[in-house]
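[1] Sequence unavailable; structure follows:
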Ligand SMILES: Cc1ncc(COP(=O)(O)O)c(C=O)c1O
């Protein structure tokens, strides 16, 4: 009976098939490349314990009280300094998933079109879906969204008077593919956004985790104050996801609306975790910690690339990305192979991944796989890729025999 009363959007909501599959792989005997979790051994728990106890000693009334919806003013000041923006451009969020939800809440009317990478971050698609958005997917190459296809698509949509509201981009070490958009392409995307009067939602959780290559300019710096960019950032990957702490950089008028939207969601982000991060920033402790993360994850990325080179069968069409940072790489199987069908065989061989179709808004590209290298140990990475190579080789032989 209560089911009948659900909203139209809630009625359309389905449990994610992928999350159900992932429950299968939470067994300790399975080597999982499936999650997107940081390595818990790298959480700076000692530093956090020290800072937390000082915060409780010095400012218990403030740290344990409700705080302003905008976030702790001193933390916002630190972040504004870090990003070279004004404090009015910063809103603290309960991590970046809330940023995705709040931006959707103030911008998406049911049926609005959003442009997304094909593939893109699954949680982004889920947030936009909750507000009944429609998607247009732009395929990627090794430099992120294909700008030639973006341009052609925008031209066509403009003729049809069906332009999207915004373009959602994960520009640095994208989840799921690991690819990064170079500065020149970012400029071109901004020009197109300006020509067609759209904004860019730039989601940057992995930006500080660069292991090779040169940094690219941030979208909001390239925008130069023209107010076409909203940026999401999170401490989940560079500190710990359990804090649920992030922030949005946006024009002040947008921040004003987001604050009102956030009041209806959770009043404020927890004051205690904000106080801890504020003190860590003030004491300049982030630099050394990020350096540490970069060197540990670089080793794991290299471990996975070496294992892929060593074990993967030489089959036409089997390829993978070589990310300069982040937590993931992306493997493409030859046409005709199906990572969803292969998944059960992989689990039988005690190895797990996320099927690439989960990151395509229409469930397409079933011959793709996302692999995470931050969570497993170096030994697990080597052994897991060896097993995965065996599964792929066997599946490829079967597909070939069936003549698919
Ligand atoms: C691209 C992207 N955006 C947002 C998130 C959400 O992160 P959080 O809510 O922990 O900040 C993730 C998490 O994996 C992500 O990969």
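    Structure's in. What do you need? What you see is a predicted model, and the numbers here were worked out from it, not measured in a lab.
[2] Check the gap between residue 65 and residue 271 for me.
    Between residue 65 and residue 271 the computed distance is 6 Å (CB to CB, to the nearest Å). Every residue, glycine included, has its C-beta placed from N, CA and C.
[3] The two: which has the busier surroundings?
    Remark: of residue 65 and residue 271, residue 271 carries more neighbours, 20 against 11, as counted by other CB atoms under 10 Å.
[4] pLDDT (mean, whole number) over stretch 152-162?
    Here stretch 152-162 scores 96 as its mean pLDDT.
[5] quick one: buried residues of that stretch?
    Buried residues in stretch 152-162, counted by 16 or more other CB atoms under 10 Å: 153-154, 157.
[6] Which ones, among the residues you listed, also lie beside the ligand?
    By CB under 6 Å from any ligand atom, no member of the buried residues of stretch 152-162 lies near the ligand.
[7] And the strands in the stretch 301-404 of the chain?
    319-320, 328-332, 351-352, 354-355, 368-372 (DSSP state E, counting those that start in this stretch).
[8] Tell me who's in contact with the nearest residue to residue 8 once chain neighbours are set aside.
    Spatial nearest neighbour of residue 8, chain neighbours left out: residue 132 (7.6 Å); criterion: CB to CB, 6 or more residues apart in numbering. Each residue near residue 132 by CB atoms under 8 Å, 6 or more residues apart in numbering is listed here: 8-9, 12, 108, 110-111.
[9] cool, residue 135 as well?
    113-116, 125, 128, 361-362.
[10] Residues in a beta bridge with it, which ones?
    residue 114 (DSSP bridges).
[11] what separates it from residue 111, distance-wise?
    Residue 135 is 12 Å from residue 111, by CB to CB.
[12] ok so, going back, for the strands of the stretch 301-404 of the chain, give me TSV that also has mean pLDDT and mean neighbour count.
    What follows is the strands of the stretch 301-404 of the chain, written out as TSV (pLDDT from 0 to 100; neighbours: other CB atoms under 10 Å):
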stretch	mean pLDDT	mean neighbour count
strand 319-320	98	16
strand 328-332	98	22
strand 351-352	94	24
strand 354-355	94	26
strand 368-372	97	25
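[13] Tell me which of the ones you listed approaches residue 217 most closely.
    When the strands of the stretch 301-404 of the chain are compared by CB to CB, strand 328-332 sits nearest residue 217, at 22.5 Å.
[14] any bit of the closest one sitting next to the ligand?
    No. Using CB under 6 Å from any ligand atom, strand 328-332 stays clear of the ligand, coming no nearer than 8.5 Å.
[15] and that strand with strand 368-372, angle?
    Relative orientation of strand 328-332 versus strand 368-372 (axes from the mean of the first three to the mean of the last three CA atoms, to 10 degrees): 160 degrees.
[16] who does strand 328-332 touch, helix- and strand-wise?
    Applying 3 or more CB pairs under 8 Å, 6 or more residues apart in numbering; DSSP states H and E, one finds that strand 328-332 makes contact with helix 286-311, strand 319-320, strand 368-372.
[17] Any idea which of those gets closest to the ligand?
    strand 368-372 (9.9 Å; CB to the nearest ligand atom).
[18] What is the neighbour count of residue 196?
    Residue 196 has 16 neighbours, counted by other CB under 10 Å.
[19] Look up phi and psi at it.
    As for residue 196, its main-chain torsions (degrees, to the nearest 10) stand at phi -100, psi 10.
[20] swap in residue 350?
    When quoted as degrees, to the nearest 10, the phi and psi of residue 350 stand at phi 60, psi 50.
[21] nearest residue to it other than its sequence neighbours?
    Excluding the flanking residues, the one nearest residue 350 by CB to CB, 6+ apart is residue 30, at 4.9 Å.
[22] Contacts only, for the one you found.
    Residue 30 touches 347, 350-352, counting by CB under 8 Å, 6+ apart.
[23] Please identify which of those residues is nearest to the ligand.
    When the contacts of residue 30 are compared against the ligand (criterion: CB to the nearest ligand atom), the nearest one is residue 352, at 16.9 Å.
[24] Just give the closest residue to that closest one, not the sequence neighbours.
    Counting by CB to CB, 6+ apart, residue 352 lies nearest to residue 25, which is 3.7 Å off, once chain neighbours are set aside.
[25] what number of residues lie near the nearest residue to residue 370 once chain neighbours are set aside?
    Leaving aside its chain neighbours, residue 370 sits nearest to residue 176 (4.0 Å; criterion: CB to CB, 6+ apart). Residue 176: 28 surrounding residues under other CB under 10 Å.
[26] Residue 176 against residue 328, yeah?
    Yes. Look at residue 176 against residue 328 with CB atoms under 8 Å: they come within range, at 5.6 Å.
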